[in-house]
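Peer 1: next comes the sequence, and after it the predicted model I'd like to discuss.
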Amino acid sequence: GENVEQHPSTLSVQEGDSAVIKCTYSDSASNYFPWYKQELGKGPQLIIDIRSNVGEKKDQRIAVTLNKTAKHFSLHITETQPEDSAVYFCAAGDSTLTFGKGTMLLVSP
Amino acid sequence: KAGVTQTPRYLIKTRGQQVTLSCSPISGHRSVSWYQQTPGQGLQFLFEYFSETQRNKGNFPGRFSGRQFSNSRSEMNVSTLELGDSALYLCASKWWGMRSNEQFFGPGTRLTVL
């Protein structure tokens, strides 16, 4: 089955800095790669996703890149704000998803 | 449009009991998936239902079961509860169509087994 590794497990940045979270996956059949943000006491919220026929996708301060050859994808958050503080999960799959273990992002004012 | 709703939000049970959790998907979504979230194992897939049929199943024991009704609402049941079943149980729904990958999660049910 699919195996997703996510790094780092924790990430602390200053407000205004950029944050990068990286994931690798094992199953070359995976063609859908979403990213979720989970705040305390809430369910994961889909923030951006990318499909295997696209190398990069951007939505305002958030961007995701995908390298299918190397089987890795990354989340980039620019101009971080304190409200970006949360746990971020990557996932890979198709009709079913396998999730990474999460990255706790802390943005300090 | 209302999001995914889950009831109850919190549950406390004792070992050996059974529990039923409920999930109402986003209107128009016909697929419902269930996940278990724990600090140690992260988000783990339990099963997916579509048109009242289980379509996919994760690697969990038979004590974990589910079903889906004709209105797409879903329930999951855990029998003979164990301490290790304490977790946040998340339900996610998605539309079943060409862009059928996007899953939207509910707030979860926090189950504590004593």
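Peer 2: Great, that's in hand. Residues are numbered from 1 along each chain as shown, chains lettered A, B, ... in the order given.

Peer 1: is chain B within reach of stretch A:87-100?
Peer 2: Yes - Stretch A:87-100 comes into contact with chain B (Cβ under 8 Å from any Cβ of the partner chain), by way of A:89, A:91, A:94-100. For every residue, glycine as well, the C-beta is placed using N, CA and C.

Peer 1: got a winner among those for most neighbours?
Peer 2: The residue in the residues of stretch A:87-100 next to chain B with the most neighbours, by other Cβ atoms under 10 Å in any protein chain shown, is A:Ala91 (28 neighbours).

Peer 1: surely that residue meets A:Lys101?
Peer 2: No - the pair A:Ala91 / A:Lys101 is not scored as a contact, 11.2 Å apart, by Cβ atoms under 8 Å.

Peer 1: what segments of the chain are strands?
Peer 2: Just going to use chain A. A:4-7, A:10-14, A:19-25, A:32-38, A:45-51, A:56-59, A:62-67, A:72-77, A:86-93, A:97-99, A:103-108 (DSSP state E).

Peer 1: try chain B instead
Peer 2: Counting by DSSP E, the strands of chain B are B:5-7, B:10-13, B:19-24, B:31-38, B:42-50, B:53-57, B:64-68, B:74-78, B:87-94, B:104-105, B:109-113.

Peer 1: low-confidence ranges, chain B, go.
Peer 2: B:1, B:97-100 (pLDDT under 70).

Peer 1: 80 instead, please
Peer 2: B:1, B:96-100 (pLDDT under 80).

Peer 1: for it, what lies in contact range of chain A?
Peer 2: Residues of chain B lying near chain A (Cβ under 8 Å from any Cβ): B:4, B:33, B:35, B:42-45, B:48, B:55-56, B:90, B:100-108.

Peer 1: can you add mean neighbour count and distance to A:Asp59 and give the strands of chain B back as a markdown table?
Peer 2: Shown next, in a markdown table, are the strands of chain B (neighbours: other Cβ atoms under 10 Å in any protein chain shown; distance: least, Cβ to Cβ, whole Å):
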| stretch | mean neighbour count | distance to A:Asp59 |
| --- | --- | --- |
| strand B:5-7 | 16 | 26 |
| strand B:10-13 | 14 | 34 |
| strand B:19-24 | 19 | 28 |
| strand B:31-38 | 23 | 24 |
| strand B:42-50 | 21 | 22 |
| strand B:53-57 | 13 | 29 |
| strand B:64-68 | 19 | 32 |
| strand B:74-78 | 21 | 30 |
| strand B:87-94 | 24 | 19 |
| strand B:104-105 | 21 | 16 |
| strand B:109-113 | 18 | 30 |
